[in-house]
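Colleague: sequence below, structure please.
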Amino acid sequence: MLKTSFISCLALCGLVACSTKDNQVDVLIGTHTDEGSEGIYTLKVDQEKGTWKLVTVSKSANPSYFAQLPGTSTIFVSNQNKTPEDAVERYSYDPATGAMTAHEAQLTATIGPCYVSTNGKLVLAANYAGGSLDVFKLDSEGKLLPCSQVFKGTASGPVMPNQEVPHVHCAVFTPDGKYALATDFSADRIMHFKVGEEGLEPLASHPYTEVKPGSGPRHILFSNDGKMVYVISELSGEVTVFSYHDGILETKQVIMADEQVGAAGSADIHMSPDGKFLYTSHRLQGEGISVFKVDRKSGLLTRIGFQPSEEHPRHFNMTPNGKYILCACRNGNAVQIFKRNPRTGLLTDTGEVFKVSHPICVYFPQ
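Modeller: I've put the predicted structure just below:
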């Protein structure tokens, strides 16, 4: 049975979940507020049945991504207004009520923060429109301090107008905690940084790793054991597979993920909790999620399936138990819930849909 709930002129962009003893997960949905949405919406999802209900709404200006301070209820949110008011903001999340309470906000150096991450001491913000990676320190109480470092992306890729100006799309800390990686979208490379007490330093011995010209690297994913890195490229529709060791990436495989080759709209990438399957989302044509089997020894990929979705599946993620994928379909104005077969990795549409304008991101906290 199809279940829908339309909230007129909303814009959804992120999901955050916290498990409870009765198989419920609280999901925070941040929204782009360009069409009347109020900001962050809390859903409760039954991760055994794949059903949902709306809990509460917390106001926020164009929240585009979430990162949780480890071991706390603090969540950092990037406000992607594409104006000089763009910022990273600190919130407190109350799992009892689902409410998000805003605290301090710090302006980003350039506009368009579309990704945020933290290692507990630093917060990284990737600014797509401004083409920079910004670094923020946290004080002893976990409060967000003003931007302390800015690293500029470059533009040398062949695809116009997509790579005409710099874009930085994603920045993550490596599992060993020693380094950070960022996608320099318009230069077709992944930037490498060493993590220090005071911030980041470009890795002198290996400042970047190149991907194929015209790829447009977008999101970075580490394997569950931290030994492999998977990068989804927006423009080429490919996944590049790297081995990882002590800050260094070595290319092992490049495989097509986009069913509609040339759509130039590949978006997000995630792995199943058991590490057996990998998933990528694709927009603009051939809308949906591609499914890959992961070779447990080599980490290489074999494409095994595709699940169609509503229009523009910009971001997705899995319930903590891995049974369902929640897919934020921006132009389809819907968050779809797909059931995942743990044996085959393939997806089926449950018919459960949360109708909301412009969903763009899904995130589950630890």
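Colleague: what helix or strand is residue 243 on?
Modeller: strand 238-245 (DSSP states H and E).
Colleague: residues touching the residue lying closest to residue 330 once chain neighbours are set aside, list them.
Modeller: Spatially, and ignoring its direct neighbours in sequence, residue 330 is nearest to residue 312 (4.2 Å; C-beta to C-beta, 6 or more residues apart in numbering). All C-beta atoms are positioned from the backbone trio N, CA, C, and that covers glycine. Going by C-beta atoms under 8 Å, 6 or more residues apart in numbering, residue 312 touches 265, 283, 284, 287, 329, 330, 331, 332.
Colleague: which among these gets closest to residue 92?
Modeller: Comparing those against residue 92 with C-beta to C-beta places residue 330 closest, at 27.5 Å.
Colleague: any idea how far residue 316 is from the closest one?
Modeller: 11 Å (C-beta to C-beta, to the nearest Å).
Colleague: more neighbours: which of those two?
Modeller: The residue with more neighbours, out of residue 330 and residue 316, is residue 316; 26 against 23, by other C-beta atoms under 10 Å.
Colleague: which residue, neighbours along the chain excluded, lies closest to that one?
Modeller: Per C-beta to C-beta, 6+ apart, closest to residue 316 is residue 327, 4.1 Å.
Colleague: parallel or antiparallel, list what pairs with the helix or strand hosting that neighbour.
Modeller: Element membership for residue 327, per DSSP H and E: strand 324-329. Strand 324-329 pairs in its sheet with strand 313-318 (antiparallel), strand 334-340 (antiparallel), by DSSP bridges.
Colleague: how about it as PDB, C-alpha atoms only?
Modeller: Provided in PDB are the C-alpha atoms of strand 324-329 (Å, rounded to 0.1, in the frame of the first residue of the first chain):
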ATOM      1  CA  TYR A 324      16.100  -0.500   4.000                       C
ATOM      2  CA  ILE A 325      17.500   2.300   1.800                       C
ATOM      3  CA  LEU A 326      16.000   5.800   2.100                       C
ATOM      4  CA  CYS A 327      16.500   7.700  -1.100                       C
ATOM      5  CA  ALA A 328      16.100  11.400  -1.300                       C
ATOM      6  CA  CYS A 329      14.800  12.200  -4.800                       C
END
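Colleague: pLDDT below threshold where in the protein?
Modeller: 1-21 (pLDDT under 70).
Colleague: what segments of the stretch 1-150 of the chain are strands?
Modeller: Assigned by DSSP state E, counting those that start in this stretch, the strands in the stretch 1-150 of the chain fall at 24-30, 39-46, 51-59, 63-68, 74-79, 87-93, 100-107, 113-118, 122-127, 132-138, 144-152.
Colleague: picking that back up, out of the strands paired with strand 324-329, the one nearest residue 32 is which?
Modeller: strand 313-318 (10.3 Å).
Colleague: the closest one vs strand 63-68, what angle?
Modeller: 20 degrees (axes from the mean of the first three to the mean of the last three C-alpha atoms, to 10 degrees).
Colleague: what is the orientation angle of the strand holding residue 327 with strand 39-46?
Modeller: 150 degrees.
Colleague: on that earlier part again, among the contacts of residue 312, which are in helices?
Modeller: Counting by DSSP state H, the contacts of residue 312 place none of their members in helices.
Colleague: nearest to residue 82, of those residues?
Modeller: Nearest to residue 82 among the contacts of residue 312, with distances taken as C-beta to C-beta, is residue 330, at 15.4 Å.
Colleague: wait, that closest one touches residue 358, no?
Modeller: Yes - between residue 330 and residue 358 a contact is recorded at 5.0 Å, counting by C-beta atoms under 8 Å.
Colleague: distance of the residue nearest to residue 316 from residue 208?
Modeller: Taking C-beta to C-beta, one finds residue 327 at 31 Å from residue 208.
Colleague: more neighbours, these two?
Modeller: Neighbours per residue (other C-beta under 10 Å) separate residue 327 from residue 208, with residue 327 holding more: 29 against 19.
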